[in-house]
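Novice: 3D, please:
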Amino acid sequence: MKSKKLSENILKTVKSRGYKYIELDAVIGADQIIQRSGENFRQYMFSFQDPNGNEMCLRPDLTIASCLRYLKNNTKVKEKIFYSGQAFRKIKDQGGKVILNQIGYEIIGSKRIKQDDYEIIQTSINAIQKIKKTQLKIEIGNIKLFNLLLNKLKLPKRWKLRLSRHFWREKYFESLLKRLETNSDINFLSVELDKKRYKKMKLKNQKQVIAGRKISTILNRFNAKIKDPRKFAEGKKTSFIIRQYLKISCPINNARKNLDSFFSKHKIKIDLKDEFFPIKNKLGKSKIIFSTNFGRELEYYTGMVFNIKNKSNKNLIQGGRYDNLLSNLGSKRKIPAVGAAINLNSYEN
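Specialist: All right, here's what the predicted structure looks like:
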């Protein structure tokens, strides 16, 4: 099927489910992207300065461009939208390609979490099945559930934030677990030396800058460590629980039972709400798997995440919930959002 016809069929399917087509700006402010993703994201962007000296960039992500549009229009109501176009990003592992042809669809500003998550997944399934009748592999996870687990573990607050923030960076996350497991970063001699430095620094000018940070900032961080220490004996146990949790993978119909069993075994109380399981395995031969380790590709996901592949294990559609993204982009109120994207480049050749 030619790319143009493929795109038209997908857009027609999405529109039939009540989504409204919108146009997105091709050029957006770079500062908003950097503030959300950090300076490291700059290496992937095509940026430049406008005549007024403002740093701009070609949109590196259609979801971000869509959320910026929602904020720019000062929208106060639910929107059910879809769009198509190109995202421009320097990606090393795609043969030098910098243009991603995508179709996306979103529900923004609605508090109907379970219903909207189901709608996005069902729209994705329909889009694929309209193009080609094929057996699908659907994988679903939930970032919110992982964060609920973290909050129940015996860890300092700063460590919970660290593990949550870096969940999507799989290699670095693994290094954090190893630190917990071996307590390799806890050196009692160093702790005593730090305490002596702490006492000396308290006598100095608190506004003085050392290694790019004010002394007051350094002392505040040290205070947090003193008031919320990490117990030496808890690290290995905590790391073990996290590793075991991330091994859970099963048909979604069995997920609640398996998770309940896991939490009960480790004496952890978590209310498994229906929103964690937005769809049941009712797709004939197609498999729907719930995986606790899934959803670590993009940092802005906050809840349900999913991916759809064909029987050859080729990625077709992926998406999820990103309830904090609009706040990170400047919204003063929390605006729920969920969506999915189809990378048409995957269908080339």
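Novice: N293 touches K247, doesn't it?
Specialist: Yes - here N293 reaches K247: they are 7.3 Å apart, a contact under CB atoms under 8 Å. Heads up, the C-betas are built off the backbone N, CA and C, glycines and all.
Novice: compare the two and say which is more crowded by neighbours.
Specialist: N293 (16 against 10; other CB atoms under 10 Å).
Novice: in contact with that one, which residues?
Specialist: G141, L246, K247, I248, S249 (CB atoms under 8 Å, 6 or more residues apart in numbering).
Novice: closest to Y301 among those residues?
Specialist: Y301 lies nearest to G141 out of the contacts of N293, by CB to CB, at 8.9 Å.
Novice: hang on, that closest one in a strand?
Specialist: Yes - counting by DSSP: H, G, I helix; E, B strand; the rest coil, G141 is part of a strand.
Novice: quick one, longest helix in this protein?
Specialist: Longest helix of the chain, by residue count under DSSP state H: helix 113-131.
Novice: tell me the mean pLDDT over that one?
Specialist: Averaged across helix 113-131, pLDDT comes to 89.
Novice: how far does that helix sit from its chain's centre?
Specialist: 19 Å (CA atoms, centre = their mean, to the nearest Å).
Novice: could you list every helix and strand in contact with it?
Specialist: helix 3-15, strand 99-108, strand 136-142, strand 304-310, strand 315-321, strand 337-343 (3 or more CB pairs under 8 Å, 6 or more residues apart in numbering; DSSP states H and E).
Novice: report the buried members of the contacts of N293.
Specialist: For the contacts of N293, a burial check counting by 16 or more other CB atoms under 10 Å picks out G141, L246, I248.
Novice: low-confidence ranges in the stretch 151-300 of the chain?
Specialist: Low-confidence segments of the stretch 151-300 of the chain (pLDDT under 70): 184-195, 222-233, 281-285, 296-298.
Novice: gap between E8 and Q32?
Specialist: Going from E8 to Q32 by CB to CB, to the nearest Å gives 32 Å.
Novice: the two: who's more crowded?
Specialist: Neighbour totals were compared for E8 and Q32, and Q32 leads with 17 against 12 (other CB under 10 Å).
Novice: isn't the more buried one up against L329?
Specialist: Yes - with contact defined as CB under 8 Å, Q32 counts as touching L329 (5.7 Å).
Novice: thinking again about what came up before, to A255, which of the helices and strands packed on helix 113-131 lies closest?
Specialist: Using CB to CB, the helices and strands packed on helix 113-131 put strand 136-142 closest to A255, at 8.5 Å.
Novice: packing partners for the closest one?
Specialist: Strand 136-142 packs on helix 113-131, strand 287-291, strand 304-310, going by 3+ CB pairs under 8 Å, 6+ apart.
Novice: please convert the ones you listed to TSV, extending it with mean neighbour count and distance to R213.
Specialist: Shown next, in TSV, are the helices and strands packed on strand 136-142 (neighbours: other CB atoms under 10 Å; distance: least, CB to CB, whole Å):
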stretch	mean neighbour count	distance to R213
helix 113-131	19	39
strand 287-291	21	40
strand 304-310	23	35
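Novice: I'd like the ones you listed as CSV, with distance to F173 appended.
Specialist: What follows is the helices and strands packed on strand 136-142, written out as CSV (distance: least, CB to CB, whole Å):
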stretch, distance to F173
helix 113-131, 24
strand 287-291, 16
strand 304-310, 16
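Novice: what about the residue lying farthest from the centre of the chain, distance to N345?
Specialist: In the chain, the residue that sits farthest from the middle, by CA atoms, centre = their mean, is L203; the gap is 42.9 Å. Counting by CB to CB, the gap from L203 to N345 is 60 Å.
Novice: any stretches of the stretch 1-150 of the chain with poor pLDDT?
Specialist: 1-3, 36-41, 91-97, 132-134.
Novice: circling back to that earlier point, in TSV, list the helices and strands packed on helix 113-131 along with distance to K114.
Specialist: Output for the helices and strands packed on helix 113-131, formatted as TSV (distance: least, CB to CB, whole Å):
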stretch	distance to K114
helix 3-15	21
strand 99-108	12
strand 136-142	12
strand 304-310	9
strand 315-321	11
strand 337-343	11
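Novice: which stretch among these comes nearest K280?
Specialist: Using CB to CB, these put strand 136-142 closest to K280, at 10.8 Å.
Novice: buried residues, the closest one. List them.
Specialist: Within strand 136-142, the residues that qualify as buried are L136, K137, I138, E139, I140, G141, N142, counting by 16+ other CB under 10 Å.
Novice: adjacent strands (with direction) for that strand?
Specialist: strand 287-291 (parallel), strand 304-310 (antiparallel) (DSSP bridges).
Novice: just so I know, which of the ones you listed lies nearest I125?
Specialist: With CB to CB as the measure, strand 304-310 is the member of these nearest I125 (7.0 Å).
Novice: where do the strands sit along the stretch 151-300 of the chain?
Specialist: 209-210, 213-214, 249-251, 287-291 (DSSP state E, counting those that start in this stretch).
Novice: of the ones you listed, which is nearest K4?
Specialist: Using CB to CB, the strands of the stretch 151-300 of the chain put strand 287-291 closest to K4, at 31.1 Å.
Novice: return the closest one as CSV; C-alpha atoms alone will do.
Specialist: Taking C-alpha atoms only, strand 287-291 is exported to CSV below (Å, rounded to 0.1, in the frame of the first residue of the first chain):
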residue,chain,number,x,y,z
LYS,A,287,-2.5,-10.8,22.5
ILE,A,288,-2.8,-8.1,25.1
ILE,A,289,0.1,-8.3,27.6
PHE,A,290,0.4,-6.2,30.8
SER,A,291,4.1,-5.5,31.5
